[in-house]
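Asker: The sequence and its predicted three-dimensional model are supplied below.
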Amino acid sequence: MPDTTDAGAGTAAGTVSLLQRFPVKSMLGERHTALAVDARGVTGDRLWAVRTPQGKYGAGKSTPRFASTRDLRLFSSRYDGEVPCIAFPGGEQWRGDDPGVHEALSKALGKDVTLATEENVSLLDAGPGIVHLVTTASLAHARALLPGSVIDVHRFRPNILLDTAEATGPVEDAWVGRRLAVGEARFEVVERTERCVMVNHDREGLPYDGRILKTFRQSSGMCFGIYAKVIRPGGIRTGDRAVLLD
C-alpha cells in the first residue's frame with residue numbers, strides 16, 4: 001500500500017490514471033500500471049538515445065545537448081529486463097544489445113548514429129531528478145481552445161497523467177513551488193513545461209496539427225503541464241492519490 005502518512009492533511013490533487021516511460025528518448029514508449037521513481041526520475045525513463053558522431057543525442061529539437069531527429073517518433077521502444085527493444089517503422093525489431101542495431105538505426109534515420117545509454121549528459125529535457133506530469137483538466141482546457149484539433153495525452157508524453165475530476169483549466173500551473181505526494185513518491189513542482197514543435201507532429205495515429213503550439217504560445221507562453229523534482233523516491237500505481245502537501 002502507498003505510504004500516505006504525510007498526506008492525510010494535504011489537499012487532494014487528483015488520481016493517477018496513466019503511467020508511462022520512454023526507454024529511448026523521443027521514441028514511443030511503454031504504458032504501465034506501476035512504476036518506480038528513483039533519484040533520477042522514473043526508473044529507466046529516457047535512459048537511452050541515439051547519439052551522433054558530434055556527441056549530441058537525437059531528440060525532437062536542437063539544443064546544445066540534442067540534435068533534431070524528428071523521425072524517432074515513428075519508432076517505439078520497450079524494455080526486456082534492462083535492454084531496450086526497438087520496433088522500427090517498417091516492422092523490424094532490434095534489441096539494444098545487438099551489435100547490428102547501430103547500423104540499422106543509421107540506415108533507417110538517414111544519418112550516422114549509435115544507440116547509447118546516458119552517461120555524463122542528462123537525457124531528460126529538464127535534467128536529472130525530474131518527472132513530467134499533466135492533468136485531465138489541462139487536456140480539457142486545450143480541447144476547448146482547439147475545438148477542431150485532436151488533443152490527446154500522447155502528444156505530450158508525460159510520465160504521469162492525473163485525473164482531476166471536476167477541476168477546470170490548467171490547474172497544475174498553480175502547483176509550482178509546492179510539494180506533491182503521488183503514491184509512495186514525493187515531489188516538488190519546480191516549473192511549467194515549455195513545449196516544442198513536437199506537439200504538432202503526427203504520432204500514434206494522431207494527425208499533424210500546426211495550430212497546437214501556436215495556440216499554446218498565445219494562451220500560456222508555450223507551456224503545458226509541469227515538471228516535478230523527486231524529493232523522495234518510491235512506487236506509483238494507477239489509482240494512487242495525488243495530494244498537495246503545502
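Answerer: Arrived safely.
Asker: Can you classify Tyr169 by secondary structure?
Answerer: If you look again at residue 169, you'll see it is Gly, not Tyr. Assigned by DSSP: H, G, I helix; E, B strand; the rest coil, the conformation of Gly169 is coil.
Asker: Any chance you could list what contacts stretch 178-186?
Answerer: When contacts are defined by CB atoms under 8 Å, 6 or more residues apart in numbering, stretch 178-186 is touched by residues 2-4, 6-7, 10, 13, 16, 37, 160, 162, 187-189, 228, 230-237, 240-246. Where you see a C-beta, it was placed from the backbone N, CA and C, and this is true even at glycine.
Asker: Sketch out the low-pLDDT regions of this structure for me.
Answerer: When the per-residue scores of the chain are filtered using pLDDT under 70, the ranges that remain are 1-8.
Asker: For it, which segments count as helices?
Answerer: With DSSP state H as the criterion, the chain has helices at 101-109, 136-145, 211-220.
Asker: before we move on, the earlier item: drop anything exposed from the contacts of stretch 178-186.
Answerer: Neighbour counting by 16 or more other CB atoms under 10 Å classes 2, 7, 10, 13, 16, 37, 160, 162, 187-189, 228, 230, 233-237, 240-245 among those as buried.
Asker: how far away is Glu92 from Ala167?
Answerer: Computed with CB to CB, to the nearest Å, the distance linking Glu92 and Ala167 is 43 Å.
Asker: Which of these two has more residues huddled nearby?
Answerer: Here Glu92 and Ala167 are set side by side on neighbour count (other CB atoms under 10 Å), and the busier one is Ala167, at 19 against 11.
Asker: Tell me how many other residues surround Ala165.
Answerer: If we define neighbours as other CB under 10 Å, then Ala165 has 11 of them.
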